[in-house]
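[1] Can you look at this prediction? I've put the sequence above it.
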Amino acid sequence: MLALSKSPRAERLVTTSPLTADVVRRYVASDVGAVVGALTRQGLLVSVDHLGEEVTDEAQTGAAVDTYVSLLDLLPAGADVSVKLTALGLRLSQRLATANAAAICAAAEAKGVTVTLDAEEHDTIAGLHAVHAVLRREHPEVGVVVQAYLPDSLDRCEKIGAARVRLCKGAYTAPGGYRRTADIDRSFVRCLKVLMAGTGYPMVATHDPRLLRIASTLAVLDGRDTTGFEYQMLYGVRPEEQTRLAGLGSRVRVYVPYGADWYAYLMRRLAERPRNLAFFLRSLVSRR
């Protein structure tokens, strides 16, 4: 599935099929304002991501900044926007990506919205954390993602300090990266222990029931109340669990992607969860 996410031929097949609309709507917001409003009324927080990654010129990065600034008008205070640095020009220039991200951070702060820098392919991770370190000097609330499948994830968590950190398993592959589910889970827990015991704000991004139980136990052991960390889950995945946790008083943030460039995102979600893949395949052969 990860290989298919990079295949132009597969992308043409999937995106032009009239049978994919239902599954796309399940995981990607068609009307982001309406989706955000509905989730907020359920007591859930949101992190919104405008889909789109690689750019080829500086003008495209400016358009990405404008899109995020316009998005802020649709979000309530306390919301978050999730930003991919490759959409802001990271592969063109780290300085350009930093300047563009800083512009989004400044606009978001004026609206009471936070910004989280999303993690991407393994070769962008060093640049991601370099940009994050620079931005925190002027925008201390900017968050960053750490992917547990990478072997240096624990070191990242130990060195990152009092920051907002979204810990996830990771939806990519990398040379030397953990591949077995058990190894990734063990790495996730090691990182989670460091973050919960630290001075930052952990954002626990998983749907795994066992890891959710471990997170809640660690929070109690480390003296964190429900305002000291949050759970994060994807739009369309385990919605009942999202509302259940929120009903218990936990902070639960739903990651809401939107936009026309949804193909690569959807393929990575299907790669993560076999149940998602089965649902998708059924949608291709049946309208029921």
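    Okay, I see it. Everything quoted here is computed from the prediction, not taken from an experiment.
[2] Tell me where the model's unsure across the protein.
    Low-confidence segments of the chain (pLDDT under 70): 1-22, 269-288.
[3] Strands along that one, start to end?
    Using DSSP state E, the strands of the chain run over residues 45-50, 80-84, 114-118, 143-147, 164-168, 201-205, 230-234, 252-258.
[4] Go ahead and produce CSV holding the CA coordinates of the last one.
    Listed in CSV are the C-alpha atoms of strand 252-258, where the atom choice follows Å, rounded to 0.1, in the frame of the first residue of the first chain:
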residue,chain,number,x,y,z
VAL,A,252,-9.5,14.1,22.5
ARG,A,253,-8.4,15.7,19.3
VAL,A,254,-9.5,14.5,15.9
TYR,A,255,-7.1,14.8,13.0
VAL,A,256,-9.3,16.1,10.1
PRO,A,257,-7.7,16.1,6.6
TYR,A,258,-9.4,17.9,3.7
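[5] Between strand 45-50 and that strand, find me the angle.
    For strand 252-258 against strand 45-50, the angle by axes from the mean of the first three to the mean of the last three C-alpha atoms, to 10 degrees is 20 degrees.
[6] Distance from strand 252-258 to the middle of the chain?
    Put simply, strand 252-258 sits 8 Å off its chain's centre (C-alpha atoms, centre = their mean, to the nearest Å).
[7] Which secondary structure elements does that strand sit against?
    Here strand 252-258 touches helix 32-41, strand 45-50, strand 230-234, helix 239-247, going by 3 or more C-beta pairs under 8 Å, 6 or more residues apart in numbering; DSSP states H and E. In this view, the C-beta of every residue, glycine as well, is placed from N, C-alpha and C.
[8] buried set for the longest one?
    If I follow you right, that is helix 32-41. Neighbour counts over helix 32-41 (16 or more other C-beta atoms under 10 Å) mark 32, 35-36, 39-40 as buried.
[9] Export the strands of the chain as a markdown table, with columns for mean neighbour count and distance to residue 267.
    Converted to a markdown table, these look like this (neighbours: other C-beta atoms under 10 Å; distance: least, C-beta to C-beta, whole Å):
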| stretch | mean neighbour count | distance to residue 267 |
| --- | --- | --- |
| strand 45-50 | 24 | 15 |
| strand 80-84 | 24 | 15 |
| strand 114-118 | 24 | 16 |
| strand 143-147 | 25 | 17 |
| strand 164-168 | 25 | 17 |
| strand 201-205 | 25 | 19 |
| strand 230-234 | 23 | 14 |
| strand 252-258 | 23 | 13 |
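[10] buried sites along stretch 161-177?
    Neighbour counts using 16+ other C-beta under 10 Å place 163-172, 174, 177 of stretch 161-177 among the buried residues.
[11] thinking again about what came up before, for residue 125, find the nearest of the strands of the chain.
    Proximity to residue 125 (C-beta to C-beta) singles out strand 143-147 among the strands of the chain, at 7.7 Å.
[12] What strands flank that closest one, and is each parallel or antiparallel?
    According to DSSP bridges, strand 143-147 forms sheet pairs with strand 114-118 (parallel), strand 164-168 (parallel).
[13] Redo these as CSV? Include distance to residue 136.
    Converted to CSV, the strands paired with strand 143-147 look like this (distance: least, C-beta to C-beta, whole Å):
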stretch, distance to residue 136
strand 114-118, 10
strand 164-168, 10
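[14] so which of those strands comes closest to residue 102?
    strand 114-118 (9.6 Å).
[15] any residues touching that closest one, and which ones?
    Residues from elsewhere that reach strand 114-118 (C-beta atoms under 8 Å, 6 or more residues apart in numbering): 47, 49, 79-85, 101, 104-105, 108, 128, 131-132, 135, 139, 141-145, 164, 166, 203.
[16] Try it again at 6 Å.
    80-84, 104-105, 108, 128, 132, 141-145, 166 (C-beta atoms under 6 Å, 6 or more residues apart in numbering).
[17] That strand vs strand 80-84, what angle?
    Using the same axes, to 10 degrees: strand 114-118 against strand 80-84 is 30 degrees.
[18] ok, back up a step: tabulate the helices and strands packed on strand 252-258 (CSV), appending distance to residue 150.
    Shown next, in CSV, are the helices and strands packed on strand 252-258 (distance: least, C-beta to C-beta, whole Å):
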stretch, distance to residue 150
helix 32-41, 30
strand 45-50, 20
strand 230-234, 18
helix 239-247, 26
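[19] so which of the ones you listed gets nearest residue 113?
    Among these, strand 45-50 sits nearest to residue 113 (C-beta to C-beta), with 9.1 Å.
[20] Report all helices and strands that that closest one contacts.
    For strand 45-50, the packing partners by 3 or more C-beta pairs under 6 Å, 6 or more residues apart in numbering; DSSP states H and E come out as strand 80-84, strand 252-258.
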